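K.L.:
3D, please:
(one chain, ligands or ions: 1)
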Amino acid sequence: MSQEIWADVLSYVRSNISDVEYHTWFAPVKILGVREGSLVIGVRNSFAQEWFKKHYLGLLENALRSLGAEHPQVSFEVLPAVQEAMILPDDPPPPARAAAPAPTPVQKSLNPKYTFENFVIGPNNNLAHAAALAVAEAPGKAYNPLFIYGDVGLGKTHLMHAVGHYLAERFPEKRIEYVSTESFTNELITAIREDKTTQFRNRYRSVDLLLVDDIQFLARKERTQEEFFHTFNALYENHKQIILSSDRPPKDIQTLESRLRSRFEWGLITDIQSPEFETRVAILKMNAEHSGMNIPQDVLELIARQVTTNIRELEGALMRVAAFASLNNAPFSRAVAAKALSNVFAPQEVQLEMGDILSAVAAQYEISPDLIRGSGRAREVVTPRQVAMYLIRELTSHSLPEIGQFFGRDHSTVMHAVSKVTEGVAKDPELLAQVDRLRHQLQGSVEAGEDT
Ligand SMILES: Nc1ncnc2c1ncn2[C@@H]1O[C@H](COP(=O)(O)OP(=O)(O)OP(=O)(O)O)[C@@H](O)[C@H]1O
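P.N.:
Numbering: from 1, shown residues only. Model prediction:
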């Protein structure tokens, strides 16, 4: 987990200091973890330790704040000499002005995470998954081309790469090429400029499996379309598999030459839809397990309710919650998750349940939730009951009758409770403090996370 936090912290730092400063100070340090809510950074020697305290503490705290830490804490430890020797700067400083990259040699640039094993199947993607698997088992035979379309972040690239991995594992000699349409276009432009179109053609026309992402970007690029048309034909005639992804079906790609469009329709066109709730929860569960995090089901469900369309964002939300919990040294609770996500998603989407509020009130007044909901009329019970009703009214969208029902009372009792507490907090500082504390906790403060 700390690696993810560290990556985010570094990118924050990098955008706030010069490259030279970054490479001098930050490239050689090592993240040692998050201990009791404090980010522990290993530095080379005591001079660096002092330097960091003096010059970078504030910046690092701000970086953690941007990740949701309420009371960011950073500490610096001098690394033992052995560990220091093992630290290498992560990457060399970028050139002053990066030139367009030269065409890379044929390579399998497949993301190791994007395998069939790591792909959660749901009603939204089962057809695309089945088609991809069929293609992986019989490349060039089952469906050619396979055209997968769907909105951003729904797993098109993942499925394409999964076919690539499947094939690479079984037939290591097969040549697999994954390219985005943008790279294909850029490489073609470079090849034309440098008079290397033959090499370019050889590269793409000699593969066994060609995966082309975001093919919708072929629109309005006549020269690239022309080139791609010939690549397509060469591969197709040789029974080589082609998989294309797009954010829309071929018929909706504007200004796509009709001969290309019709070729895209020769094989199988399949789509991926937004995942249902259960699929989203399953994806979160798998990701949490892979990262070694034990996150309760109700927290995963809360996250899955927050992010409904884009799986990339869903994964981001999980990481945010994990980073937030770890930086604040808090457990994975619904309150903590709600707080972690509140800056990213509209707060009203975070739904507190009536039961959460009842539990928090019960904990604060140290009586059981059943007593609060019971029929007792003693002051020690009535005050928490009224406070619970008041907070439920304020923090949820439940109606007065719904709240009444929850407490086995009618709506006028709830109205009465709300006005009693409203009056009470205006004149009783102790009650005000109690209500404020509860409100703060319930709105996702870390303390509430420990209680709820
Ligand atoms: N069914 C799934 N099971 C597990 N993870 C998934 C699933 N679908 C998508 N993901 C994950 O969601 C993230 C986004 O997926 P991917 O990059 O494949 O989306 P995409 O549809 O290609 O998006 P874009 O159009 O932006 O390129 C990846 O990390 C991927 O592993």
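
K.L.:
Flag every residue of the stretch 251-400 of the chain that's near the ligand.
P.N.:
Within the stretch 251-400 of the chain, the positions lying close to the ligand (C-beta under 6 Å from any ligand atom) are 283, 311-312, 315. Glycine gets a C-beta too; all of them are placed from N, C-alpha and C.

K.L.:
Please list only the buried members of the residues you listed.
P.N.:
Buried members of those, counted by 16 or more other C-beta atoms under 10 Å: 283, 311, 315.

K.L.:
Spell out the secondary structure type for the nearest residue to the second one once chain neighbours are set aside.
P.N.:
Spelled out, that is residue 311. Take residue 311 and drop its neighbours on the chain: the residue closest to it by C-beta to C-beta, 6 or more residues apart in numbering is residue 153, 5.2 Å away. For residue 153, the assignment made with DSSP: H, G, I helix; E, B strand; the rest coil gives coil.

K.L.:
so what's the backbone phi/psi at residue 153?
P.N.:
When read as degrees, to the nearest 10, the backbone of residue 153 gives phi 70, psi 30.

K.L.:
ditto for residue 33
P.N.:
phi 130, psi -180.

K.L.:
Run through the bridge partners of it.
P.N.:
With DSSP bridges as the criterion, residue 33 is bridged to residue 40.

K.L.:
going forward, begin numbering at 32 instead of 1
P.N.:
Got it, first residue is 32 now, which makes that one residue 64.

K.L.:
gap between it and the ligand?
P.N.:
Residue 64 is 25 Å from the ligand, where distance means C-beta to the nearest ligand atom, to the nearest Å.

K.L.:
That residue touches residue 71, doesn't it?
P.N.:
Yes. Counting by C-beta atoms under 8 Å, residue 64 touches residue 71, with 5.6 Å between them.

K.L.:
and the residue of the protein nearest the ligand?
P.N.:
Residue nearest to the ligand within the chain (C-beta to the nearest ligand atom): residue 186, separated by 2.6 Å.

K.L.:
how about the helices of the stretch 282-431 of the chain, start to end?
P.N.:
289-295, 308-321, 328-337, 342-358, 365-373, 385-396, 400-404, 410-426, 431-437 (DSSP state H, counting those that start in this stretch).

K.L.:
can I get the ones you listed in TSV with mean pLDDT?
P.N.:
TSV is the format used below for the helices of the stretch 282-431 of the chain (pLDDT from 0 to 100):
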stretch	mean pLDDT
helix 289-295	90
helix 308-321	94
helix 328-337	90
helix 342-358	91
helix 365-373	86
helix 385-396	92
helix 400-404	95
helix 410-426	94
helix 431-437	90
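
K.L.:
quick one, which of these is packed in tightest?
P.N.:
Highest mean neighbour count of these: helix 365-373, a mean of 25 (counted as mean count of other C-beta atoms under 10 Å).

K.L.:
could I get that one in PDB with only the CA atoms?
P.N.:
Extracted in PDB, the C-alpha atoms of helix 365-373 (Å, rounded to 0.1, in the frame of the first residue of the first chain):
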ATOM      1  CA  ARG A 365     -17.700   2.700   6.000                       C
ATOM      2  CA  ALA A 366     -17.200   6.100   7.700                       C
ATOM      3  CA  VAL A 367     -13.500   6.200   6.700                       C
ATOM      4  CA  ALA A 368     -14.300   5.200   3.100                       C
ATOM      5  CA  ALA A 369     -17.100   7.800   2.900                       C
ATOM      6  CA  LYS A 370     -14.700  10.500   4.100                       C
ATOM      7  CA  ALA A 371     -11.900   9.400   1.800                       C
ATOM      8  CA  LEU A 372     -14.200   9.600  -1.200                       C
ATOM      9  CA  SER A 373     -16.000  12.800  -0.100                       C
END
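
K.L.:
Determine the set of other helices and strands touching that helix.
P.N.:
helix 328-337, helix 342-358, helix 477-482 (3 or more C-beta pairs under 8 Å, 6 or more residues apart in numbering; DSSP states H and E).

K.L.:
Check for me that residue 453 belongs to a helix.
P.N.:
Yes. According to three-state DSSP, residue 453 belongs to a helix.

K.L.:
Run a quick neighbour tally on it.
P.N.:
By other C-beta atoms under 10 Å, 13 other residues sit near residue 453.

K.L.:
Quick check: the nearest residue to it once chain neighbours are set aside vs residue 461, distance?
P.N.:
Of all residues not flanking residue 453 in the chain, residue 421 sits nearest, at 7.3 Å (C-beta to C-beta, 6+ apart). Going from residue 421 to residue 461 by C-beta to C-beta, to the nearest Å gives 15 Å.
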